[in-house]
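Participant: My questions concern the predicted model and sequence given below.
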Amino acid sequence: MGEIQARQFMAKNGKQFVVRTALPNDADKVVDFIRTVLGEAPYLLTTEAEFKATGEQQKQLLQQMLDDDGKLAILAEYDGEIIGFLDFHNGHRLRTKHQGSFGMSVKKDFRNQGVGKALLTMLLDWAKENPLIEKVCLEVAADNTNALRLYRNFGFVEEGVKTKAMKIDEQTYDDLILMAYFVD
């Protein structure tokens, strides 16, 4: 099952928050969170206009992730409000089930407070206990220096660069850095 034991964390600003499994009944709050973050986060690949998921679709997705041993959806919550979200998906084929990638986002007011670090800690703890997962991958915008520092501090290594992989506008591009963490 794609779930974790809930754990309390302390943000740098002194606020206590919890990281726990995202459950199907969180779907509407997750959709609201994603819409909010898409409007305030410059490094996400999905734009606000592209996000069309409904609460019901999100509910089904969260249930599928909960039922799948190689997938995980977790959230950070402060005072009943979602402040961070991370989802991990392993490969669909026999030869790629051992590895997967994740996406993570944190609400603007809670960035640089340890929320991303807490979410990443929980993902890697889960991966180390999961007999299926040997490698955790990600793609990060080359100029997202805070995220790059976080991932390097956790032991992620660079595997490559996708040049001009992210088109910001008609003249502006950003590279995507491919990174990986080897569980064993």
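Facilitator: Yep, it's here. Residues are numbered from 1 along each chain as shown.
Participant: I would like the residues contacting stretch 42-60, please.
Facilitator: Stretch 42-60 is contacted from outside by 24-25, 27-28, 30-31, 34-35, 37-39, 61, 103, 105, 140-141, 144, 147, 166, using Cβ atoms under 8 Å, 6 or more residues apart in numbering. (Each C-beta comes from the backbone N, C-alpha and C, glycine too.)
Participant: what comes up buried for it?
Facilitator: 44, 53, 58-59 (16 or more other Cβ atoms under 10 Å).
Participant: mind putting the residues you listed in TSV, distance to G114 and secondary structure included?
Facilitator: TSV is the format used below for these (distance: Cβ to Cβ, whole Å; DSSP: H, G, I helix; E, B strand; the rest coil):
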residue	distance to G114	secondary structure
L44	20	coil
A53	28	coil
Q58	26	helix
K59	29	helix
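Participant: Turn the residues you listed into JSON lines, columns for distance to L124.
Facilitator: Putting these into JSON lines (distance: Cβ to Cβ, whole Å) gives the following:
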{"residue": "L44", "distance to L124": "21"}
{"residue": "A53", "distance to L124": "27"}
{"residue": "Q58", "distance to L124": "25"}
{"residue": "K59", "distance to L124": "27"}
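Participant: Flag whichever of those residues scores worst on pLDDT.
Facilitator: On pLDDT alone, L44 ranks lowest of the buried residues of stretch 42-60, at 87.
Participant: What is the end-to-end distance of stretch 142-156?
Facilitator: With Cα to Cα, to the nearest Å as the measure, stretch 142-156 spans 14 Å from end to end.
Participant: From what I see, A22 and V30 are in contact.
Facilitator: Yes. Contact criterion Cβ atoms under 8 Å: A22 and V30 qualify, at 6.1 Å.
Participant: Mind listing the shared neighbours of those two?
Facilitator: Residues touching both A22 and V30 (Cβ under 8 Å, 6+ apart): 62, 75, 85.
Participant: Relative to F17, which of the residues you listed is nearest.
Facilitator: Taking Cβ to Cβ as the measure, F17 sits nearest to L75 out of the shared contacts of A22 and V30, at 9.9 Å.
Participant: dump the residue contacts of the closest one.
Facilitator: By Cβ under 8 Å, 6+ apart, the contact list for L75 reads 19-22, 26, 30, 33, 82, 84-86.
Participant: Bridging across strands, which residues link to it?
Facilitator: Beta-bridge partners for L75, by DSSP bridges, are R20, F85.
Participant: Between all of the contacts of L75, which two are separated the most?
Facilitator: Farthest-apart pair in the contacts of L75 is T21 and F33; separation 15.1 Å (Cβ to Cβ).
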